[in-house]
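Asker: Could you look at this predicted model? Sequence included:
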Number of protein chains: 2
Amino acid sequence: MLKDFARANKPEKDEIKLHMAEEQAKLATNQMRIKEAKVPVMVIFEGWGSAGKGSVLSRVIKEMDPRFFQVATMDAKPTEDEARHPFLWRYMVEIPEEGHFKFFDTCWMEEVTSVRARGELDDDAYNKRIDSINMCERQLVDNGYLVMKFFFHIGQKEQRRRLDALKADKNTSWRVDDDDYWENDHYDICLNVNDEYLRDTNRSSAPWYIIDARDRTWATLQVLEFINRGIDVAIHNRGIAAPLRQNVFPLKKTIPLARIPLDKTITDDEYHTQLKALHQRLDELHNVIYRMRIPVVICYEGWDAAGKGGNIKRITSALDPRGYIVHPIASPEPHEKARHYLWRFWNRLPKSGHIAIFDRTWYGRVMVERLEGFCSENDWQRAYNEINEFEKELVDSGVVVIKFWVQIDSETQLARFTDRQNTPEKQWKITEEDWRNREKWDQYEQAVDEMLRKTNTTFAPWHVLESVDKRYARIKALRIVTEALEKACNR
Amino acid sequence: MLKDFARANKPEKDEIKLHMAEEQAKLATNQMRIKEAKVPVMVIFEGWGSAGKGSVLSRVIKEMDPRFFQVATMDAKPTEDEARHPFLWRYMVEIPEEGHFKFFDTCWMEEVTSVRARGELDDDAYNKRIDSINMCERQLVDNGYLVMKFFFHIGQKEQRRRLDALKADKNTSWRVDDDDYWENDHYDICLNVNDEYLRDTNRSSAPWYIIDARDRTWATLQVLEFINRGIDVAIHNRGIAAPLRQNVFPLKKTIPLARIPLDKTITDDEYHTQLKALHQRLDELHNVIYRMRIPVVICYEGWDAAGKGGNIKRITSALDPRGYIVHPIASPEPHEKARHYLWRFWNRLPKSGHIAIFDRTWYGRVMVERLEGFCSENDWQRAYNEINEFEKELVDSGVVVIKFWVQIDSETQLARFTDRQNTPEKQWKITEEDWRNREKWDQYEQAVDEMLRKTNTTFAPWHVLESVDKRYARIKALRIVTEALEKACNR
């Protein structure tokens, strides 16, 4: 794309000036339309060093209300803490909320191409990154984001001239570093790498715009025009249904909930013997995963009163409290609801060596949000695949993902609800909402069966915990967790 | 305190075991009482290296519900990013929400004493830290937090024995580093430093508990007993009014709003000439503060329709968008309301070299929250001093704090409201609430006068922007900002 990029003829100065004022004013109006339409807008600036991304950005936002946009300045190299998370993490935590703009001064492209150009990213790793990025950009767009990507293009000589000029001025010399000169010295290699990247990620959901950046004023005008046109299209398309994608991940067979036998029990003696042994083993493994820096995500879903809390407790009581965190997931808060529905989970991912336990998870999308109408049918239909992609992303980056469905039957739930209602110190655990949800047992069961079927991937399969005998379920959970950690430690 | 610490007699093993089960069960119950009473609990573990903080912590939480507590593991040394914020910042962003426990595995003590013992913190700097910490702990307690501080004490020989044992085992040798041995080699120096710190921060709002940590089981029991007793007291005292403290900060005189002349204007020519010159100067200064790593906080308060938005716009349009952020402050979200009211502002503090502009601020506490009854009288009465303390903390850590009150009269507001109502593209700016607030003009004026009077400190004074002529107000704001930055650059 870059190599065969045909420069347009630069307009006359007067013409640029005239259009500039128009487009800046239009962007100010569009900003309010975006606010009104609640569209989140992500504008990504990538390109050659010293191509003028910063100064163009200053001009682009000139007429914008600074309360409704933000700028994220990303380093090509992640910090140590960032590197202990999945590749996309440091970008995903930065995505804008609805009605707001976020400008990224370099984004995931730069992180990939800077190492690729140096030969530090082989084809497999590179292709994996491309897949992640394409998946991520598509998910954002499918979930209502406008993603606009600009590549600022200048030639080798022009870049050299600019670098030397910056370096010569003592007020700007700090802005030039060895990496900039390295890029200039290896311009052809970088050109190939950039060109390849642009081609690989030029999808219709978020196409590339190559900006002829020889002249900063003109570059600004080009960017403004593209953004304004992009906004028009985005607002026009607001609320359309995104295509449902076929599941491309390998799935394991599931058994419908109704056919799962729930008569499994464990004797007192066996429970205590096994609990002790498994706790000891888990304690040791926690040390190993800490030292080997393996991140772990444990997901709990299940019926109200199925025994999730007590089950989690039996996992955590073997763990060093400095190395895990339990995230109770309730309905999203306003700032969470205003972003991609997976954002609040990206935000809670553990760093390597740590364990995050989710008491309820992103599967709320295809259960409560589906049944209560908190999202559209298209949203939850799409979510199965999006969730598989999300979990694949985690697994590929080295996260051990363990998913539990804690299963009881309707009569057991009723007995436990009644017990909670009648026991003063348990009353906080039962609410009107629990009773209301109970009335929808059949709908939930259907939704859960579909969820288990569609997200039971080989890389992040569901484990059903038969929890009529809670102690049986605890031992089973402990066994699954220890086995998964053992496997991860021996990889 | 540490040097004359008299060890109690260790109880018999059986007795410890008996009480342990009792106290753990009691803590589980207390956790639910805390949840019910919505008290946030901060438990701080400090002490000698290898004194067993981690293993005691594991036992303390044994019966607790892991969904309602978290552990924050703090390094003695802040990361580069953390070091670019005020000293207290990395702790304040971690404070628990109401009904939850947060255990700190070392906290601000360790950061202070570890450098103090090495002679890298002189008396002045040390005393400043102590003042900050005492202020912070008191503010937390006054705002309903239970803060419990434990120091784990062992002798020099015992510490040596433990370090050697850890080091000898290949599974634990990674837990011992040079700093641990340094501490042991300089035990007496560290003893003095720790002793001094404990004395200096042993306030009745958050007293110290020294734990004889020779035996881990007994240490656990001591901690459990103190926490349970602390919770009883905290729940008993729930909702009491904290003492109002005298303002100890130097104040500048203020003029009541009603007596501020609002007839100031500026000619067209003068406006454009000055705007250009000030923008140019601000652009240069932004570069300098970025390079000198000076953090800047600019606060905007003022009447609805006074022209805050446009004023902010004239500041930001001269700035590099990668170096500033505008925070529009609305009513707090649930997770913000559940913490110290300054938490959401701590969370938004800029790192050094960056500018944060607040469109409305923490002063909401003594305006809207006061007048609408969102906090108690004791809360807002106390807030003047708390806010002065907060701003002092910022200023002392090198932040340039600039506070604007944007002033108009009631007639001007009415004219602007009417204009907004009648102009389609401005209608989003005006709501029913604005009209309701307008009816309370006199009450607000009284509250603002009191606020200006009580928080007009010499180190963070208020600047009134006469904004009937918005352009006059913009030029004045720009002048104040450039002058403040110039001063900071020449410090």
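Answerer: Great, that's in hand. Residues are numbered from 1 along each chain as shown, chains lettered A, B, ... in the order given.
Asker: Pull up the residues of the stretch 351-491 of chain A that are close to chain B.
Answerer: Contacts of the stretch 351-491 of chain A with chain B, taken as C-beta under 8 Å from any C-beta of the partner chain, map to A:357, A:359, A:425, A:428. (Each C-beta comes from the backbone N, C-alpha and C, glycine too.)
Asker: who touches residue A:162 in this structure?
Answerer: Taking C-beta atoms under 8 Å, 6 or more residues apart in numbering or on different chains, we find residue A:162 in contact with A:50, A:154.
Asker: Quick one: mean pLDDT over the helix or strand hosting it.
Answerer: Applying DSSP states H and E as the criterion places residue A:162 in helix A:156-168. Helix A:156-168 comes out with an average pLDDT of 96.
Asker: what do you get for stretch A:37-53?
Answerer: pLDDT averaged over stretch A:37-53 gives 96.
Asker: Then stretch A:94-105?
Answerer: 97.
Asker: repeat for stretch A:476-491
Answerer: 96.
Asker: Check stretch A:220-231 too.
Answerer: Confidence over stretch A:220-231 (mean pLDDT, whole number) is 96.
Asker: Name the nearest of the residues of the stretch 351-491 of chain A next to chain B relative to chain B.
Answerer: When these are compared for distance to chain B (C-beta to the nearest C-beta), residue A:359 wins out at 5.6 Å.
Asker: Just want the phi and psi numbers for the residue lying closest to that closest one once chain neighbours are set aside.
Answerer: Using C-beta to C-beta, 6 or more residues apart in numbering or on different chains and skipping residues adjacent in sequence, the residue nearest residue A:359 is residue A:328, 4.6 Å away. When read as degrees, to the nearest 10, the backbone of residue A:328 gives phi -80, psi 130.
Asker: What of the one 3 residues further on?
Answerer: Residue A:331 adopts backbone torsions of phi -70, psi 150, taken as degrees, to the nearest 10.
Asker: So it versus residue A:337, what's the distance?
Answerer: Relative to residue A:337, residue A:331 is positioned 8 Å away (C-beta to C-beta, to the nearest Å).
Asker: what's the answer for residue A:128, then?
Answerer: With distances taken as C-beta to C-beta, residue A:128 is found 31 Å from residue A:337.
Asker: Over to residue A:80?
Answerer: Distance from residue A:80 to residue A:337, by C-beta to C-beta: 32 Å.
Asker: Looking at these two, which is more packed in?
Answerer: Just comparing residue A:80 and residue A:337: by other C-beta atoms under 10 Å in any protein chain shown the higher neighbour count belongs to residue A:337, 14 against 9.
Asker: these two touch, right, residue A:158 and residue A:214?
Answerer: Yes - counting by C-beta atoms under 8 Å, residue A:158 touches residue A:214, with 6.1 Å between them.
Asker: Just the buried residues of the residues of the stretch 351-491 of chain A next to chain B.
Answerer: A:357, A:359 (16 or more other C-beta atoms under 10 Å in any protein chain shown).
Asker: Dump the residues of the stretch 351-491 of chain A next to chain B into a markdown table; add distance to residue B:458 and secondary structure as well.
Answerer: A markdown table is the format used below for those (distance: C-beta to C-beta, whole Å; DSSP: H, G, I helix; E, B strand; the rest coil):
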| residue | distance to residue B:458 | secondary structure |
| --- | --- | --- |
| A:357 | 50 | strand |
| A:359 | 50 | strand |
| A:425 | 54 | helix |
| A:428 | 50 | helix |
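Asker: What lies in contact with the helix or strand containing residue A:231?
Answerer: Per DSSP H and E, residue A:231 falls inside helix A:216-237. With C-beta under 8 Å, 6+ apart as the test, helix A:216-237 has contacts from A:10-11, A:16-17, A:19-20, A:23-24, A:26-27, A:30, A:33-34, A:37, A:39, A:41, A:43, A:52, A:55-56, A:59-60, A:146, A:148, A:150, A:152, A:209, A:211-213.
Asker: Now the buried members of the residues you listed.
Answerer: Buried by 16+ other C-beta under 10 Å: A:16, A:19-20, A:23-24, A:26-27, A:30, A:34, A:37, A:39, A:41, A:43, A:52, A:56, A:59-60, A:146, A:148, A:150, A:152, A:209, A:211-213, out of those.
Asker: Point out the ones among these that are inside strands.
Answerer: Within the buried ones among the contacts of helix A:216-237, residues falling in strands by DSSP state E are A:41, A:43, A:146, A:148, A:150, A:152, A:209, A:211, A:212.
Asker: I'd like those as JSON lines, with distance to chain B appended.
Answerer: Converted to JSON lines, those look like this (distance: C-beta to the nearest C-beta, whole Å):
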{"residue": "A:41", "distance to chain B": "15"}
{"residue": "A:43", "distance to chain B": "11"}
{"residue": "A:146", "distance to chain B": "19"}
{"residue": "A:148", "distance to chain B": "16"}
{"residue": "A:150", "distance to chain B": "15"}
{"residue": "A:152", "distance to chain B": "15"}
{"residue": "A:209", "distance to chain B": "19"}
{"residue": "A:211", "distance to chain B": "17"}
{"residue": "A:212", "distance to chain B": "22"}
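Asker: For residue A:206, list each beta-bridge partner.
Answerer: residue A:203 (DSSP bridges).
Asker: cool, the one 5 residues further on as well?
Answerer: With DSSP bridges as the criterion, the beta-bridge partners of residue A:211 are residue A:152.
Asker: Was I right to think it contacts residue A:153?
Answerer: Yes - Residue A:211 lies in contact with residue A:153 (C-beta under 8 Å); the separation is 6.3 Å.
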